[in-house]
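Asker: I would like the atomic coordinates for the input below:
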Amino acid sequence: MSFFNWWSFGLCCGLLLGVTVVVYVQDRGSWGVADVVVTAVMAVSLAIFIIGRRNYRYRKPTGSPFTPMLQVLVAAIAKRNQPHASDPAQLYETPKSEKVHGRLLCHTRQLR
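Answerer: Sure thing, here's the model as predicted:
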């Protein structure tokens, strides 16, 4: 989760840099100077990516990625006419003792 937080932060900072600093440099300086700024930022981001690559946890894929998606689709079609549970306590939950990471999401009435 931390990776996606930092990724989102970097994406927003890049967007802010692109629509403010680069445009300012283009207006006050020249397109060439702005291109150098963009190239330098890309070089720094590539260096950060290469340095952080050893910290990336890569797992070899097992099975087809389409299998879980098809399982969800088949279950949704098979259960489309079943009534909704009126009490959230009736919904299936994994016991908290089995959850090592993550958190439970609160049940809402949004899709009822």
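Asker: what number of residues lie near residue 69?
Answerer: 10 (other Cβ atoms under 10 Å). In this view, the C-beta of every residue, glycine as well, is placed from N, C-alpha and C.
Asker: secondary structure element for it?
Answerer: Here residue 69, judged by DSSP states H and E, is contained in helix 66-78.
Asker: gap between that helix and the chain center?
Answerer: Taking Cα atoms, centre = their mean, to the nearest Å, one finds helix 66-78 lying 22 Å from the centre of the chain it belongs to.
Asker: what do you get for stretch 20-37?
Answerer: 31 Å.
Asker: residues in contact with it?
Answerer: residue 38 (Cβ atoms under 8 Å, 6 or more residues apart in numbering).
Asker: need the CA coordinates for the helix holding residue 69. CSV is fine.
Answerer: Extracted C-alpha coordinates of helix 66-78, given in CSV (Å, rounded to 0.1, in the frame of the first residue of the first chain):
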residue,chain,number,x,y,z
PHE,A,66,-8.3,-14.6,-16.0
THR,A,67,-9.3,-17.5,-13.7
PRO,A,68,-10.2,-15.3,-10.7
MET,A,69,-12.0,-12.8,-12.9
LEU,A,70,-14.1,-15.5,-14.5
GLN,A,71,-14.9,-17.1,-11.1
VAL,A,72,-16.3,-13.7,-9.9
LEU,A,73,-18.3,-13.3,-13.1
VAL,A,74,-19.7,-16.8,-12.9
ALA,A,75,-20.6,-16.4,-9.2
ALA,A,76,-22.2,-13.0,-9.9
ILE,A,77,-24.4,-14.4,-12.7
ALA,A,78,-25.3,-17.4,-10.6
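Asker: now that helix: mean pLDDT?
Answerer: Averaged across helix 66-78, pLDDT comes to 87.
Asker: pLDDT wise, what is residue 112 at?
Answerer: On the pLDDT scale, residue 112 gets 48.
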